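Colleague: would you be able to build a 3D model of this:
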Amino acid sequence: MAGHVCPFWLGYFLINPLRKFYDDPYKLLGPFVEEGMTVLEPGCGMGYFTLPLARMVGEKGKVIAVDIQPKMLSSLKRRASKAGLIKIIDIRPAKEDNSELSDLISKVDFACAIHMVHEVGDQKAFFSKIRNVLKNNKKLLFVEPKGHVNIEKYKRSIETAKSVGFEIDASLSLIEKRRSLLVKI
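Modeller: Next up is the predicted model:
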């Protein structure tokens, strides 16, 4: 790990409905997600983005939500059940041996790593794992919070992603806003 992981209790602040006024999941993810897709969300937390993703992919789609914190996943499961979305969301705990995604090699249509890569110790392994599960020419939306990640650190993460076989989609990337669309090549 990178030394700091978002504490469980902070998850309650992150799922606050008022957050949509400055971080709207439908505006951020809507251009990339379609009904019937298989979407991967590593670092899902309590599901601020997960539940909208499930609504976007619909009953014919699947959202694979992965997190290292069991309490976050437990809260996500309760929220997904209450929202009637539990059948669409495959909730998985991250494992040290990285086996939690071994059944998804080249089966994912889209992935989003939002506000979490800065918490990952081995970013090269992380980006490799995401690349392995994406289908060819499919995309990873990579977003980091400006308050936690300076521009130089973000650029290093982009270079790490490129080193494992991602290409940046320059037309949809805003490096200064810590938002990039990466394509599996």
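Colleague: so how far is the lengthiest strand in the chain off the chain centroid?
Modeller: Ranked by number of residues, the top strand in the chain under DSSP state E is strand 134-143. For strand 134-143, the distance between its averaged C-alpha position and the chain's averaged C-alpha position is 10 Å (CA atoms, centre = their mean, to the nearest Å).
Colleague: and stretch 74-92, by the same measure?
Modeller: Taking CA atoms, centre = their mean, the mean C-alpha location of stretch 74-92 is offset from the chain mean by 16 Å.
Colleague: name the residues of that stretch that come out as buried.
Modeller: By neighbour count on 16 or more other CB atoms under 10 Å, the buried set for stretch 74-92 is 75-77, 79-80, 85-86, 88-89, 91-92. For the C-beta atoms, the positions are set from N, CA and C on the backbone; glycine is no exception.
Colleague: what is the most widely separated pair among those residues?
Modeller: For those, with distances taken as CB to CB, the pair at the greatest spread is Ser75 and Ile88 (17.1 Å).
Colleague: re earlier: just checking, what packs against the longest strand of the chain?
Modeller: Using 3 or more CB pairs under 8 Å, 6 or more residues apart in numbering; DSSP states H and E as the contact criterion, the elements in contact with strand 134-143 are helix 25-29, strand 108-114, helix 151-163, strand 179-184.
Colleague: how far off strand 108-114 does the third one point, in degrees?
Modeller: In other words, helix 151-163. 160 degrees (axes from the mean of the first three to the mean of the last three CA atoms, to 10 degrees).
Colleague: packing partners for helix 151-163?
Modeller: In terms of contacts (3+ CB pairs under 8 Å, 6+ apart), helix 151-163 is packed against helix 123-133, strand 134-143, strand 166-168, strand 179-184.
Colleague: okay if I get these as a markdown table plus mean neighbour count?
Modeller: Shown next, in a markdown table, are those (neighbours: other CB atoms under 10 Å):
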| stretch | mean neighbour count |
| --- | --- |
| helix 123-133 | 19 |
| strand 134-143 | 19 |
| strand 166-168 | 18 |
| strand 179-184 | 21 |
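Colleague: about what we covered before: any idea which of the helices and strands packed on strand 134-143 is most buried?
Modeller: Comparing those on average neighbours per residue, with mean count of other CB atoms under 10 Å, the densest one is strand 108-114 at a mean of 23.
Colleague: picking that back up, let's have the helices and strands packed on strand 134-143 in a markdown table, adding distance to Asn137.
Modeller: Compiled in a markdown table, the helices and strands packed on strand 134-143 are given as follows (distance: least, CB to CB, whole Å):
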| stretch | distance to Asn137 |
| --- | --- |
| helix 25-29 | 19 |
| strand 108-114 | 10 |
| helix 151-163 | 15 |
| strand 179-184 | 6 |
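Colleague: what are the buried residues along stretch 64-71?
Modeller: Neighbour-count burial for stretch 64-71, with 16+ other CB under 10 Å as criterion, is recorded at 64-69.
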